[in-house]
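Undergrad: when you get a sec, could you give me coordinates for this:
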Amino acid sequence: MAPSAWPPGKVAGLPELLEAAFSPASPENPLYGALCAFFAQRPARAWEAWAREEGLPLRAVR
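TA: Coordinates of the predicted model:
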């Protein structure tokens, strides 16, 4: 996915995540932790609805 389409990069207040969009997903990565905390703020269905409204390719893993 192109960095310009990376979902959290489109959300105000998280510009630091766009730069690290493709960094390793591991607990040792502080940006990974920030992203996990960000997505934990809403249920998966709410994120899917938000993504549809924004035209973003985001789906919950079930």
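Undergrad: just the buried residues of stretch 28-42, please?
TA: Neighbour counts over stretch 28-42 (16 or more other C-beta atoms under 10 Å) mark 31-32, 35, 38 as buried. (Each C-beta comes from the backbone N, C-alpha and C, glycine too.)
Undergrad: where does this protein have low pLDDT?
TA: Along the chain, segments meeting pLDDT under 70 span 1-13, 21.
Undergrad: quick one, helices of it?
TA: Taking DSSP state H, the helices of the chain run over residues 15-19, 30-39, 44-54.
Undergrad: quick check: buried residues in the longest one?
TA: When burial is assessed from 16+ other C-beta under 10 Å, helix 44-54 yields the following buried residues: 47, 51.
Undergrad: now the shortest one
TA: Taking 16+ other C-beta under 10 Å as the basis for neighbour counts, the residues of helix 15-19 that come out buried are Leu17.
Undergrad: just use 8 as the starting number from now, easier for me
TA: I'll keep to 8 as the first residue from here, and by that count the last item is helix 22-26.
Undergrad: surely Leu42 and Glu23 touch.
TA: No - using C-beta atoms under 8 Å, Leu42 is not in contact with Glu23; the gap is 10.3 Å.
Undergrad: what about stretch 24-39, distance to the chain center?
TA: 10 Å (C-alpha atoms, centre = their mean, to the nearest Å).
Undergrad: so how far is Ala47 from Pro34?
TA: 14 Å (C-beta to C-beta, to the nearest Å).
Undergrad: the residue lying farthest from the centre of the chain and Leu21, how far apart?
TA: Centroid-distance maximum for the chain: Glu35 at 17.6 Å, with C-alpha atoms, centre = their mean. Glu35 is 20 Å from Leu21, where distance means C-beta to C-beta.
Undergrad: thanks again, I'm all set now.
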